[in-house]
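*Asks:* show me how the following folds:
(one chain, ligands or ions: 1)
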Amino acid sequence: MTTNPTLDDLTRRVTAGRDRPAFGHDALITCDRLVRVFTADGVEVQALQGLDLLVREGELMALVGASGSGKSTLMNILAGLDVPTAGAARVAGRDLLTMTARDRLAYRREVVGFVWQQTARNLLPYLTSAQNVALPLQLRCAKRAGENAGKGAGRIRGRAARRARAERVMELLEMLEVADCRDRRPHEMSGGQQQRVAIAVALANDPAVLLADEPTGELDSHTAEQIFAAFRTANERLGTTIVIVTHDQAVANEVRRTVAIRDGRTSTEVLRRSEVDEVTGDEKVVAREYAMLDRAGRLQLPAEYTRALDMRDRVALELEPDHIAVRPDDSRTD
Ligand SMILES: Nc1ncnc2c1ncn2[C@@H]1O[C@H](COP(=O)(O)OP(=O)(O)OP(=O)(O)O)[C@@H](O)[C@H]1O
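*Replies:* Sure, this is the predicted structure:
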């Protein structure tokens, strides 16, 4: 299949490996061979089985996958609500495995924002929209005031802080087109309006990452489109990195990158880019599906491909100048 490497080749490879930057060194989110095992009634469930994922700063991307594939498990880990069993996970420089309880709380308040599927889970029912958005800002302010206690934080500064908070709240509600809902409580708003206010709450502390788990799951398709547009606005105007878990193919089609999770691992990835049609001059979006190659060089071939060529157990590989050929095992006699 390949010629034997010389000693010089091997030395070069080792040196190149040593100089290569660490996996995910330039990513905002790095999941490296992430494992999460749950034990329920003595039975082990491997929800994540060595998942690799890199997300660059400023990306707006979707995660898709069948029910039970591990999407929510991954989101809970990235949100700092759950801890992986093994592997490595870093978000904006924070190591999610070794964070102390105190760091974890600060991480959830300041580094990540989240929007959940259940509209009721995102907002406090007895507060108005403006009060819901102001809450994370107040919590952060209270923490800072606590840290500065005894350093002479005055009443004037308190008033200025309140004014700045009120301005920030209105700015966010206006950006998400729900300024008219500022004095309404969640039950006085539609599901779509509630989710837009929820996005404003999640963005209040200017997080590095916004995580959304099925944010359009309870909404009709027209409202879902509007919610997705709100995420896009946040991504474009504020530069927030956004990861959305969705079953909604329309949402998945709207983003440049969709990563599919299968059996607790990333399996395929669809990248979309705009191209100008040479004949008509029209701009069109071209999508291309890629298989994920993990760090050990493992690749999952799509079941429909292997089935079509009756590939099982063993395949023959050939290295060509610009590709690798995968052929059915021709040594089989059955
Ligand atoms: N707390 C838990 N205890 C035991 N098993 C769990 C727990 N949470 C998740 N699992 C299991 O881990 C696997 C992955 O679940 P997860 O909720 O991450 O999947 P999902 O892709 O988000 O599914 P869905 O699209 O239905 O929400 C499933 O087999 C699930 O039953």
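
*Asks:* quick one: average pLDDT of stretch 72-82?
*Replies:* In this model, stretch 72-82 carries a mean pLDDT of 94.

*Asks:* sort out which residues of that stretch are buried, please.
*Replies:* Using 16 or more other C-beta atoms under 10 Å as the test for burial, stretch 72-82 gives Ser72, Thr73, Leu74, Met75, Asn76, Ile77, Leu78, Ala79, Gly80, Asp82. Where you see a C-beta, it was placed from the backbone N, CA and C, and this is true even at glycine.

*Asks:* got it, and stretch 291-301?
*Replies:* For stretch 291-301, using 16+ other C-beta under 10 Å, the buried residues are Met292, Gln300.

*Asks:* cool, and stretch 245-257?
*Replies:* Going by 16+ other C-beta under 10 Å, stretch 245-257 has these buried residues: Val245, Thr246, Asp248, Val251, Ala252, Glu254, Val255, Arg257.

*Asks:* likewise stretch 193-206?
*Replies:* 193-205.

*Asks:* what residues are up against the residue nearest to the spatial centre of the chain?
*Replies:* Nearest to the geometric centre of the chain sits Val243, at 3.0 Å (C-alpha atoms, centre = their mean). Counting by C-beta atoms under 8 Å, 6 or more residues apart in numbering, Val243 touches Ile29, Val55, Glu59, Met61, Ala62, Leu63, Met75, Leu78, Val209, Leu210, Leu211, Ala212.

*Asks:* ok, and the closest non-adjacent residue to the fourth one?
*Replies:* Ranked by C-beta to C-beta, 6 or more residues apart in numbering and with sequence neighbours excluded, the top spatial neighbour of Met61 is Arg257, at 4.4 Å.

*Asks:* next one: the second one
*Replies:* Using C-beta to C-beta, 6+ apart and skipping the chain neighbours, the partner closest in space to Val55 is Ile29 (3.9 Å).

*Asks:* run through the neighbouring helices and strands of the helix or strand containing Gly158.
*Replies:* Secondary structure from DSSP states H and E places Gly158 in helix 155-175. If you count contacts as 3 or more C-beta pairs under 8 Å, 6 or more residues apart in numbering; DSSP states H and E, helix 155-175 packs onto helix 129-147, helix 191-203, helix 221-238.

*Asks:* deepest of the ones you listed, which one?
*Replies:* helix 191-203 (a mean of 25; mean count of other C-beta atoms under 10 Å).

*Asks:* Ile244 in helix, strand or coil?
*Replies:* Here Ile244 is recorded as strand under DSSP: H, G, I helix; E, B strand; the rest coil.

*Asks:* no no, Ala325
*Replies:* At Ala325 the chain is in strand, as set by three-state DSSP.

*Asks:* thought it was touching Leu309?
*Replies:* No: the pair Ala325 / Leu309 is not scored as a contact, 11.9 Å apart, by C-beta atoms under 8 Å.

*Asks:* if we can go back for a sec, what residues sit buried inside the helix holding Gly158?
*Replies:* Buried residues in helix 155-175, defined by neighbour count with 16+ other C-beta under 10 Å: Ala161, Arg165, Arg168, Val169, Leu172, Leu173, Met175.

*Asks:* cool, and stretch 46-63?
*Replies:* Buried residues in stretch 46-63, counted by 16+ other C-beta under 10 Å: 47-55, 59-63.
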